[in-house]
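Novice: Pasting the sequence and the predicted coordinates here, then a few questions.
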Amino acid sequence: MPEDLNVIPPGLKGNLVHYISGGEEGSLWKEYTNVRYYTNAFVVQGQKILLGHKKRGWGQEKYNGFGGKVDAGETSLEAAKRELKEEAGIDAPLEHAGILLFLTDGVDWAFHIDIYRADSYSGEVQESEEMKPEWFSTLPEGTDGLSSIPYSKMWETDECWLPLVIANKPFVGRADFVGDKDKSKPYKWWYGVLKDEEAFDV
Ligand SMILES: CNc1ncnc2c1ncn2[C@@H]1O[C@H](COP(=O)(O)OP(=O)(O)OP(=O)(O)O)[C@@H](O)[C@H]1O
């Protein structure tokens, strides 16, 4: 059956090549009125990826990229570079890799998360108050003594889009969660690969 490329969820736009979706049949996307902007940055070097183990706050105990809120007066790219420096101690030539829209119970806004990646960095990777950085292998079986990406300790559905970041394929996606805070679970998700970076337009 041909894919229906008009099914892009509310809040996203793009020049789709294909998509994957899942969740409870018949469930609806959450309504939202406000959007808050966040960043999330990944350094990928050969077959290694740098993740951080979050020590406090939202997503505590999960592994993730480095990022946080975009402050007033800064661009999303500036915020991404600032957060990478604050949380992992490094500078990197970050490039926009995708957009994740994330909705959850208990807040009345949508998280718009600009995802960034870089193939190189400068400085020394350092633990911060917020994150403990750790290298993982991008291969399922691990490499050079490194474990594979710990998807079971990350936000559910990250495994739908992190491989796209690693493969340098531009994407947009949305995941709607239900339940309280760190116990929340995704009930509906959708991730689409785009033809080109120009297509980002939310
Ligand atoms: C499916 N859901 C999700 N999947 C993957 N990543 C997610 C996410 N939902 C939030 N994130 C990331 O979690 C960080 C929170 O940032 P958070 O620590 O609250 O921000 P910030 O550092 O500005 O906070 P404080 O300085 O402590 O106030 C930020 O990188 C954001 O992109």
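Specialist: Sure thing, it's come through. Numbers count the residues shown, from 1 in each chain.

Novice: give me the number of residues near the nearest residue to Glu24 once chain neighbours are set aside?
Specialist: Spatial nearest neighbour of Glu24, chain neighbours left out: Tyr187 (5.1 Å); criterion: C-beta to C-beta, 6 or more residues apart in numbering. C-beta here means a position set from N, CA and C on the backbone, and glycine is covered the same way. The burial count assigned to Tyr187 is 16, neighbours taken as other C-beta atoms under 10 Å.

Novice: Then Phe136?
Specialist: Neighbour tally, Phe136, other C-beta under 10 Å: 18.

Novice: Report the separation between the residue nearest to it when sequence neighbours are not counted and Tyr32.
Specialist: Leaving aside its sequence neighbours, Phe136 sits nearest to Ile149 (C-beta to C-beta, 6+ apart; 5.0 Å). Ile149 is 29 Å from Tyr32, where distance means C-beta to C-beta, to the nearest Å.

Novice: Between the two, which has more neighbouring residues?
Specialist: Each of Ile149 and Tyr32 has its neighbours counted (other C-beta under 10 Å); Ile149 has more, 22 against 16.

Novice: contacting residues for that one?
Specialist: Counting by C-beta atoms under 8 Å, 6 or more residues apart in numbering, Ile149 makes contact with 49, 51, 63, 136-138, 159, 162.

Novice: Check His112 too.
Specialist: Contacts of His112 by C-beta under 8 Å, 6+ apart are 11, 35-38, 99-101, 202.

Novice: which residues are in contact with the helix of greatest length in the chain?
Specialist: What stands out as the longest helix in the chain, according to DSSP state H, is helix 76-88. Contact partners of helix 76-88, identified using C-beta under 8 Å, 6+ apart, comprise 37, 39-41, 43, 50, 52, 66-71, 74, 90-92, 94, 96, 114, 116, 123, 125-126, 128, 130-131, 133.

Novice: what packs against the longest strand anywhere in the chain?
Specialist: Taking DSSP state E as the criterion, the chain has its longest strand at strand 34-45. Packing contacts for strand 34-45, counted by 3 or more C-beta pairs under 8 Å, 6 or more residues apart in numbering; DSSP states H and E, involve strand 48-54, helix 76-88, strand 109-118, helix 158-166.
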